[in-house]
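J.: predicted coordinates and the sequence they were generated for:
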Amino acid sequence: MTLTAWALTTGEMGMRTQARGLAAAVAQTVVEKTVARGWLGGGDRLEPPCPDLIVSCGRRSVSPALAVRKAASGRTLAVHVQDPRLRAREFDLIIAMAHDAITAGGNVIKVATALHDLTAANLATAGEAWMSRLAPLGRPLTGVMIGGDLRGRAFAQEDGAALLAGLQRLKAGSGGALAITPSRRTPQSMIDLLAQAFDADRRVFLWDRESENPYRGILALADRLVVTSDSISMVSEALSTPHPVEVFDLGFARHVGFIQDLVDRRLIRRFEGDPTPPVTTGPVNATDEAAAAVRALIQTRTGVSG
């Protein structure tokens, strides 16, 4: 059975990755659709023929997703990623995170991490592309993913200093190398701090944010990963790899529950510069778990597996 899916969001990258990742894990044909804040007055047209599956993410995509389901007389399976906060019973399935307020059961399942579009195949491709550039750094290789400011909480100078101190302890104690990739949100002051500290160190790679992005290559090739806690997506993607993961906890109030849940499950360790790699229970890939639930629902309704 060939399935078609729409991945419906308001265009934010973190939401697009989640909706697209789940849709692509289930359907053979995936089309991304974007709705504007006032969706009746902008965004992509949501016209028939309706897809077999619509995966929405974000509260502003709730009403348009359910409108598509209604237009298809229920033939379109409607799956929402995250807590929709309203009209939850109208979805066929909701994929929420463990720390979300919505209760599991009925049409709601809960997962430990965010969904994404990383796969073994695209990580292998990235690893091949970056092997010649990262291999000269040597082993053990620690991949470092750095985010930045969030609404209501800045990535402060003292945060940068503490992260740098931890990385220096790790590097000195392990005798290893670092491959560091800042994000578009990383303050320039943090990048300058790292550049100054590791100037002329041939065992440290620091992305310049202008050349090809090494993010996936680092995820594929590192022996261990350090991720800042401001990005649920980055932490979740790191956890989908076979590498042990440590999180530099910035104390963002919005992510306290998420980080603590991962610590309690022994999926991560808080990063303090310990050169001994953490012993964790990963990897974990919530996209695979969610896709299995969607396929089961499709099979129940049609008698054919997705």
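T.: Good, I have the coordinates.
J.: where do the helices of the stretch 101-250 of the chain begin and end?
T.: Ranges of helices within the stretch 101-250 of the chain are 120-134, 157-174, 188-197, 215-221, 232-239, based on DSSP state H, counting those that start in this stretch.
J.: wait, which of the ones you listed is closest to Ile102?
T.: Ile102 sits nearest to helix 232-239 of all the helices of the stretch 101-250 of the chain, at 16.3 Å, using CB to CB. Every C-beta, even on glycine, is put in place using the N, C-alpha and C of the backbone.
J.: what's that closest one packed up against?
T.: Judged by 3 or more CB pairs under 8 Å, 6 or more residues apart in numbering; DSSP states H and E, helix 232-239 is in contact with helix 13-26, strand 141-146, strand 224-228, strand 245-248, helix 256-264.
J.: most tightly surrounded among the ones you listed?
T.: Highest mean neighbour count of the helices and strands packed on helix 232-239: strand 141-146, a mean of 26 (counted as mean count of other CB atoms under 10 Å).
J.: could you measure from the residue nearest the centre of the chain over to Met15?
T.: Centroid-nearest residue in the chain: Ser233, 2.6 Å away (criterion: CA atoms, centre = their mean). Look at Ser233 and Met15: by CB to CB, to the nearest Å, they are 10 Å apart.
J.: swap in Val263?
T.: 26 Å.
J.: compare the helices and strands packed on helix 232-239 and give me the one nearest Leu115.
T.: helix 13-26 (4.1 Å).
J.: helix or strand right after the closest one?
T.: Per DSSP states H and E, the first helix or strand lying C-terminal to helix 13-26 is strand 29-34.
J.: quick one: that following strand to chain centroid distance?
T.: From the chain centre to the centre of strand 29-34 is a distance of 19 Å (CA atoms, centre = their mean, to the nearest Å).
J.: tell me the helices and strands packed up against the next helix or strand after that strand.
T.: As assigned by DSSP H and E, the chain's next helix or strand after strand 29-34 is strand 53-57. Packing contacts for strand 53-57, counted by 3+ CB pairs under 8 Å, 6+ apart, involve strand 4-9, helix 13-26, helix 62-71, strand 77-81.
J.: chain center to strand 53-57, what's the gap?
T.: Relative to its chain's centre, strand 53-57 lies at 17 Å (CA atoms, centre = their mean).
J.: ditto for stretch 138-146
T.: Centre to centre, stretch against its chain (CA atoms, centre = their mean), the figure for stretch 138-146 is 19 Å.
J.: please renumber so the chain begins at 570
T.: OK, 570 is where the count begins now, so the last one is stretch 707-715.
J.: pLDDT of that stretch, averaged?
T.: The average of the pLDDT scores along stretch 707-715 is 98.
J.: now do stretch 864-875
T.: Stretch 864-875 comes out at a mean pLDDT of 80.
J.: the residue nearest to Gly729 when sequence neighbours are not counted: how many residues sit nearby?
T.: Nearest residue to Gly729, sequence neighbours excluded (CB to CB, 6 or more residues apart in numbering): Met759, at 4.3 Å. Neighbour count of Met759, defined by other CB atoms under 10 Å: 22.
J.: for the one 4 residues further on, same thing?
T.: Taking other CB under 10 Å as the criterion, the count of residues near Leu763 is 22.
J.: same check, this time on Leu866
T.: Neighbour count of Leu866, defined by other CB under 10 Å: 18.
J.: doesn't it belong to a helix?
T.: Yes: counting by DSSP: H, G, I helix; E, B strand; the rest coil, one finds Leu866 located in a helix.
J.: shouldn't it be in contact with Leu646?
T.: Yes: taking contacts as CB atoms under 8 Å, Leu866 lies within contact range of Leu646: 6.6 Å.
J.: list the residues that contact both of the two?
T.: Asp661, Leu662 (CB atoms under 8 Å, 6 or more residues apart in numbering).
J.: hmm, Tyr784 is touching Pro751, no?
T.: No: Tyr784 is beyond contact range of Pro751, at 10.1 Å (criterion: CB under 8 Å).
J.: I appreciate the help and will end here.
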